[in-house]
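Engineer: Just need the structure, nothing else, for what follows:
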Amino acid sequence: MNADKRACSLDVDSQYVELAVEIFAMLADATRVRIILALREGEMAVGALAEVVGKSPAAVSQHLAKMRLARMVSTRQDGTKVLYRLENEHARQLVADAIYQAEHALGGMPSHHRAEQATA
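Structural biologist: Here you go, the predicted structure:
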C-alpha cells in the first residue's frame, strides 16, 4: 500500500525498470502500436479497430485482451457493443515518442520538428 504512494523513480536502480521493459515488449508489435494510434482520438469497437489497422477482428481482439491485461486499454459496454479506449495518456505518448525517434533515424529534419518550427 505504501508503494502506491511513492513517487515513480527514474533512477537506474528504480523498482520500475523491469516493468518498463515489459511495457516496451508489449509495444514491440506493429498491430498493437497501430491500435494505440487508432485509439488516440477516443473509443472504438473491435470491428472498427480491425478495419483501421487492417487485421481480422479475431486478431485485434487477441491483441486487445493482452493490452487490457497490461492495463494499457480499458473497456466500456454500450448496449451489446464493447468499446475500447486507452487507459491513460502514457501509452499514446510512448508510441508518439517512438514514432518521432523513428523519424530521426531517417536523417534530415523530422516532420515533428518542422511542425514545431512552423508554430514558433
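
Engineer: what helix or strand is the most centrally placed residue in the chain on?
Structural biologist: The residue lying closest to the centre of the chain (CA atoms, centre = their mean) is Ala91, at 3.4 Å. Following DSSP states H and E, one finds Ala91 within helix 89-105.

Engineer: Looking at that helix now, give me its mean pLDDT.
Structural biologist: For helix 89-105, mean pLDDT rounds to 92.

Engineer: and it, C-alpha only, in PDB?
Structural biologist: Presented in PDB, the C-alpha positions along helix 89-105 are these (Å, rounded to 0.1, in the frame of the first residue of the first chain):
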ATOM      1  CA  GLU A  89      -2.100   9.100 -21.900                       C
ATOM      2  CA  HIS A  90       1.200   7.300 -21.400                       C
ATOM      3  CA  ALA A  91       0.800   4.600 -24.000                       C
ATOM      4  CA  ARG A  92      -0.100   7.200 -26.500                       C
ATOM      5  CA  GLN A  93       2.900   9.300 -25.600                       C
ATOM      6  CA  LEU A  94       5.200   6.300 -25.700                       C
ATOM      7  CA  VAL A  95       4.100   5.400 -29.200                       C
ATOM      8  CA  ALA A  96       4.300   9.100 -30.300                       C
ATOM      9  CA  ASP A  97       7.900   9.300 -29.000                       C
ATOM     10  CA  ALA A  98       8.800   6.100 -30.700                       C
ATOM     11  CA  ILE A  99       7.400   7.400 -34.000                       C
ATOM     12  CA  TYR A 100       9.300  10.600 -33.500                       C
ATOM     13  CA  GLN A 101      12.500   8.700 -32.800                       C
ATOM     14  CA  ALA A 102      11.900   6.600 -35.900                       C
ATOM     15  CA  GLU A 103      11.700   9.900 -37.900                       C
ATOM     16  CA  HIS A 104      15.100  10.900 -36.500                       C
ATOM     17  CA  ALA A 105      16.600   7.600 -37.600                       C
END
